[in-house]
Structures are given as C-alpha cells and as structure tokens.
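Peer 1: Below: sequence and its predicted model.
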2 protein chains.
Amino acid sequence: MAAPKPTRTRRKMQRVTIMDVAARAELSPSTVSLYFRKPDAVSAAASESIARAIEALDYVPNLMAGGLAAASSRVVSIIVPSVRNAFFAETVAALQEDLGKQRLQVMLSHTEYKEHDEESLVRTALSWAPAAVVLTGLSHSSATRRLLRDSKVPVVEIWELGSQTMDMAVGFHHDQVGQTAASHLVQRGRKRLLFLGARLHEDRRAARRAQGFVETARNAPDVTADIIQHPAPASAEVGAMLLGEAVHRFPNVNGIACSNDHIALGVIFECQRLGIAIPERLSVVGFGDLSFSAACNPSLTTIRPPGDLIGKEAARLIIARISHANGEPQQAVIDTRFTLLHRQSS
Amino acid sequence: MAAPKPTRTRRKMQRVTIMDVAARAELSPSTVSLYFRKPDAVSAAASESIARAIEALDYVPNLMAGGLAAASSRVVSIIVPSVRNAFFAETVAALQEDLGKQRLQVMLSHTEYKEHDEESLVRTALSWAPAAVVLTGLSHSSATRRLLRDSKVPVVEIWELGSQTMDMAVGFHHDQVGQTAASHLVQRGRKRLLFLGARLHEDRRAARRAQGFVETARNAPDVTADIIQHPAPASAEVGAMLLGEAVHRFPNVNGIACSNDHIALGVIFECQRLGIAIPERLSVVGFGDLSFSAACNPSLTTIRPPGDLIGKEAARLIIARISHANGEPQQAVIDTRFTLLHRQSS
DNA sequence: GTCCAGAATAATAGCGCTATTATGTAGCCG
DNA sequence: CGGCTACATAATAGCGCTATTATTCTGGAC
C-alpha cells in the first residue's frame, strides 16, 4: 500500500494558539505554558515578550485543551435546589466571588428540589473533571456518593450539618434552628405554639426545623405545639393562608414560628387585616432575615442563616484543598451557626 | 543517539475511557462516539451493547476532550450583575432549566455591577469555546465587543433593549417602564411626583427608568417631577430613608415611583409610621413585583418585568441558533414587555 | 450468482495544551 | 579552569475525544 495520502482535511482552526504566541515571542510553547502556570519560573525578559505577544495577538487560551492535558479543570460545579431562593443565591454569589479570585469558574446546576435529578447532574459535573463539587444538603443517592467517591474530587456539602458528611461540609443544624425558635417563644411566655411551613415534604431542611421546633416546645411545661403546612412554595400569600388556618384551628394560638420570612410576612399582613395585635396577642418568629424583615412593621424577629458565610467558608475549604493537594486531606466540617434577631414581632 | 527511551512516565489516568467502553462492547471507539453524538446512526444491537458497557463500567465521558476535538463545548456562559438580585436569579434559573433540557451547561459569572470586570469575564468565558454567551444589558466595552465578534460565538443580551444590539437580545425598554409609571400616577391625578432610586449611578437600567419617568411626567400639564437617590443598594431601609427625605424636601409630594419594590416597601412601612395614608394622600408605584408585593398592606402597585420569560426566550434563541447552525443567522430582538399591576397603593 | 447502493462500523489524524524529561547556560567553588 | 549546581528554556509524548475518510456488511435488482 502506498503511503497514506495526507488528504485529511482536518478542520484547521484559525484560532490563535499557544504556538502562535510562542513564535511571536521567539520562545518555545513550553515556556509560554509555564508563563501561565508558574509565572515565577520564567525570566522577566521572557515574561515581558510573552505578555507583548499575547496582547498583540489577542490570545485567548483554550481551557479545554489545558484541562484535558492536565486531567483537571478549574471548574467548581455547584448544585443547589434553586437560585430563585434567596438563601442559595446568596451562597452562590459568595462562592463565585471568592472562587473567582482564584480563577476558579462556577458551573451551576439546579435540582429544583428534585433529589432524583441530582445524580445525573453530578454525572455531568464530573464530565468536566471539576476542581470540586458543591452539593446542597446531606441526602444523596448511593450512586451519587459512589460516583463522587470514585472520582476523588473534593466535595463540599452546604447548608446542612448532620452526622454523615461525604467529605467536607459547611452549614448548621436545622433542628437547632427550630429549637431556638421554640425556646424563644417559650421564654416570651407563649404556651400555644404553631409552626407554619411551606413545602415541608420537599424541603427537608425546613422539615427538620419544624421537627426541632415541636420537640423542644413539647418538652416545656404546659406548652403545646403543632405543625401546619402547605404544599406550595413559600410566599407571603401562603403565609396569610396558613395564618387563617391557624387561627381557625387553634384560636388560642399565641406563638408562631415560620419556615421562612416570606411566610412570616404573610402572617404579619394577615394579622393586620384581622386585627390581631403583634406581639401583644401573637408572637411571630421567622427564618431567613430577608430584605424586608428588619423594615416591616412590626419588624420581624427572625433567625438569620449565614448564607454568605457558608459560601465564603466553602470557597475557603475548596481553595485550601486544591492548593494543599498534598498533605493530609483533612476532613473539614464547619458549623457556621445562625443568629436569632429579636425584633418587634415577638 | 540511541532510540529515545520510553521511560516517559505519562500519568496514565485510570479513568474509564471511550476505548474501554468500546473494548467491552466489542466495537470501535468511533462507534461509541457516534452513539453519543448521533444515536440514530448506530444499530439497535450496537446501541444495546454500548449501553450495557457504559452501565457496567460506570463510564463518565470527558467533556473537555470532546470539546477540544469538536472545537466547541455545550457550555453557555452567563454573565449577570449578581444572582443576589432576584431579577437576575429568576432569569438565570429559567435559562438553566431550559438549557439543561438540551444538555447545555450553565457557567455563571457576576460583574457585581462593575462593568469594567466584564471584559475579563468574557475573555475567560471564551476560553471554554462556549456554545453561547449571555450578557446583561447593552453597554459593553469595545474590547468586549471585538472579542465576541471575533469568536463568532452567539451572544444574547438580556434585560435591556435599545438601539444597538451585538447579536441577539431579549428584554424590554426601561425608559418605557418609567413612562408607564409616570402616566399611571398622572392618570390618578397626582401632580407632585418623585422617583426614588437606589444606586442609580451604577444601575444604568434603573437610571433609564428614572429618566423615562421624569420626562413623561414633566410633559403632563401642571405636573412636576424629581429624582431622589441613594448610593446604597436597594433595600427597604433605603426606601424608608428616601421617603423621609422626600417628604422633607417636597412636603406636597403625592405620587412616588420607586426604582424597585424593596424601596417601595420601605416607603409603605415608613408611611405607616408617619401616618401618611396610602393611597389617599400618596400613591406609590414599585418595580419588580417581588414576593411580598401582592401581599403587603396596602398591596403594592408595581411594574412586573418578566424575568422568567426573558430567560426562556433567551434559551430558545440560543437553542435555535445552535441547531440551525447553517441557515441565516437571523438577528433576533425580542421585546418581552412588562406589566403594570394596579393594586391598592395607587 | 454478480454488482451496487446504502447502511453500519472502523481506522486515522489531530484538537491545543500540560507534564515530564532533556538540554543549555550562568555562577560559583576549590 | 574543570566540575557542579541552579536556573531557564526546549523537546516530546500524550490527555480522551471527534471529524473525516475508509472499509466492510447488508439486501435487492438484474
């Protein structure tokens, strides 16, 4: 057989490559590559002419080629239930800010509270050989766990703490949130307590808050506590609706904790309409400290989860793990805690 | 010189590759690749055994290798000012949902309203040979424009419409928002109008709303209009503060439009405290229709921007462009409009 | 049976970069 | 002034996949 004809029409990209930069700088591609990865290892003169060449050619590196060659990328894959939720938006924003400073890119996915989807999202995430994966909460399918374990990618679970973490975790205990709300109401002399929750069947963390709430409340003398819930996502409308149901079913209710501040705001508005005095006749505690919570009238007593801090700490752990790729893989669990903000509504 | 020793210790990844799948399925790697890219071109029998091999080996494709070889990735890079802002969070969520259905990944970046950062974010985005880039607003540096033009990547500008779009655009005219608010207040018989805005120097779109507002208002007979602003990000606190300033400087003010609903909520709360009757003595119009706007008391008249629709339409354009890579590159501009929701506050 | 179009599968040559090894070049000691 | 570090730069061989071309395998038409 004759030598294979070189007719292969390989779509020669006219992209500017590292070779073009090297040629223009009169150096080898290796040196240019080194310039990007370990700037200190190249001489000042070389750096100078490489920088000039990059500028002149308007060179944009191909991170896929780099990632392939290095068998790892500077992508951090974040999987949250939804960025529509201000809590996660806050954390994602904080993560992105701090990771961005280290030239780490955020790839974002939503499960929309469908835990079932998480596995395929994780699978796709791993297709990018990410530098780390961030997951929300602690409940993941066993296949998800296996995938992540086998991949050896650093994993951070956020927004929830519990007994079993996969690798690293940053968050707080949601049952403690419920306990704190209950204790607060009991301290204010409230005996007939309710927890008003939205979507508790899907939002496990809210469910844990509810559970912590009733358990603690019921341990107090002469205190009764119940949960009223609604299947729709949290909103002020749902809160108003839930309050209506609450006063109907438990006319002597005098202490309410809500699964979040949207619900609590609805409760306040509805109480205004119904002429129920807050906090005289009814104390209300929210969760979230959303934008309106300090400003509304009466201002809302609420528990503030440190969404921003969670993002910052998660970013810190990831960065530490990446740079200290050697050393002991220190399993880190950070309890960020939360804060009860006592305002007028209780 | 002797033949080069093959001592090169190439970090042989023990990752499962397409070759492993092919070997197990007793087919060639090409066929397996085809199975992923054009499933219809592979026979049923082959598909079957490939699927079995993937399952057995727990194969996770390497999208970086694929992207490199194909000179394009299934990443859509989205650059927004901030996901902390519910508007953009909504759009990002919608985009991610619809893009996800087409196996397009979202890579997210924030400018934090620093337009100056956008260029480097775009540069990084292009390093991933994205399938499309989504930018917020219409004002971009010339270098950014050049980078994007040269890359030939589809670009969608969202949340703002104007005269000059780079490629595709989905949004609405913010000056029209201001006009609508002004017309509404004038129609309600209000003569002494104010626009209360936060961070107008950084938020160009809010500034355009303010501008549209005063221009339209001043064209009405006997109507006066002014802008009062605050440099901090929008919040109910800032709104309360701005209302204080408003009644101090313009005691006869009877119509107020706010740069967004956070501000408007603060106005309502502060009016309650000051005993200013809404809407009898003062009409208030917001922007955003946030979660609390329909529920608060009085409920807030506001202008609803279709954040969700913007995301959906942007996703649709991107998907259409990608699949119709051939055909005419139809420059698309979609005006999503917005809705005035007349409620109790006006 | 032969031949041929069309379908299915395989072989091949990179995509643009990094990690590793190899080579050159100063600087310093005895 | 040989020899020996350190430092700076270059050569090389893939990373795992896709696009292209080449080959084989059908099943009819004749």
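Peer 2: Structure's in. What do you need?

Peer 1: can you pull out the strands in the stretch 51-200 of chain A?
Peer 2: A:75-80, A:105-110, A:132-136, A:155-158, A:168-171, A:192-198 (DSSP state E, counting those that start in this stretch).

Peer 1: Relative to residue A:97, how far out is residue A:210?
Peer 2: Residue A:210 sits 32 Å away from residue A:97, going by CB to CB, to the nearest Å. Heads up, the C-betas are built off the backbone N, CA and C, glycines and all.

Peer 1: Distance from the chain centre to stretch A:25-32, please.
Peer 2: 41 Å (CA atoms, centre = their mean, to the nearest Å).

Peer 1: Just the endpoints, please. Distance across that stretch?
Peer 2: End-to-end distance of stretch A:25-32 (CA to CA, to the nearest Å): 9 Å.

Peer 1: wait, does that stretch contact chain B?
Peer 2: No: figure legend: stretch A:25-32 not in contact with chain B (CB under 8 Å from any CB of the partner chain); closest approach 14.9 Å.

Peer 1: tell me which residues in that stretch are buried?
Peer 2: Within stretch A:25-32, the residues scored as buried using 16 or more other CB atoms under 10 Å in any protein chain shown are A:25, A:27, A:31, A:32.

Peer 1: likewise stretch A:228-237?
Peer 2: A:228, A:229, A:230, A:233, A:234, A:235, A:236, A:237.

Peer 1: for it, what is the average pLDDT?
Peer 2: Stretch A:228-237 carries an average pLDDT of 93.

Peer 1: same deal with stretch A:272-282?
Peer 2: On average, stretch A:272-282 scores 95.

Peer 1: Contacts for it next, please.
Peer 2: Stretch A:272-282 is contacted from outside by A:188, A:240, A:243, A:247, A:253-256, A:268, A:271, A:284, A:298, A:344-346, B:297, using CB atoms under 8 Å, 6 or more residues apart in numbering or on different chains.

Peer 1: Let me see the contact set for whatever residue of the stretch 151-300 of chain A ends up closest to DNA strand D.
Peer 2: Relative to DNA strand D, the nearest point of the stretch 151-300 of chain A is residue A:151 (12.2 Å; CB to the nearest atom of the strand). Taking CB under 8 Å, 6+ apart, we find residue A:151 in contact with A:126, B:60.

Peer 1: Now do it against residue A:136, distance only.
Peer 2: 19 Å.

Peer 1: do the same with residue A:282
Peer 2: In terms of CB to CB, residue A:282 sits 33 Å off from residue A:136.

Peer 1: Looking at these two, which is more packed in?
Peer 2: Here residue A:282 and residue A:136 are compared on neighbour count by other CB atoms under 10 Å in any protein chain shown; more neighbours surround residue A:136, at 26 against 23.

Peer 1: Excluding chain neighbours, what is closest to that one?
Peer 2: residue A:80 (4.9 Å; CB to CB, 6 or more residues apart in numbering or on different chains).

Peer 1: The one you found is in contact with residue A:107, isn't it?
Peer 2: No: assessed by CB atoms under 8 Å, residue A:80 is found out of contact with residue A:107, at 11.9 Å.

Peer 1: what about residue A:46, which helix or strand?
Peer 2: According to DSSP states H and E, residue A:46 maps onto helix A:44-57.

Peer 1: does any part of that helix sit near chain B?
Peer 2: No: judged by CB under 8 Å from any CB, helix A:44-57 stays clear of chain B, getting no closer than 10.9 Å.

Peer 1: what pairs with residue A:303 across the strands?
Peer 2: residue A:287, residue A:340 (DSSP bridges).

Peer 1: Spell out which parts of the stretch 101-250 of chain A neighbour chain B.
Peer 2: A:103, A:105-110, A:112, A:123-124, A:126-129, A:146-147, A:150-151, A:235-237, A:239-240.

Peer 1: elements contacting the helix or strand harbouring residue A:285?
Peer 2: Residue A:285 belongs to strand A:283-287 when assigned by DSSP H and E. Packing partners of strand A:283-287 (3 or more CB pairs under 8 Å, 6 or more residues apart in numbering or on different chains; DSSP states H and E): helix A:174-187, strand A:255-258, helix A:261-274, strand A:301-304.
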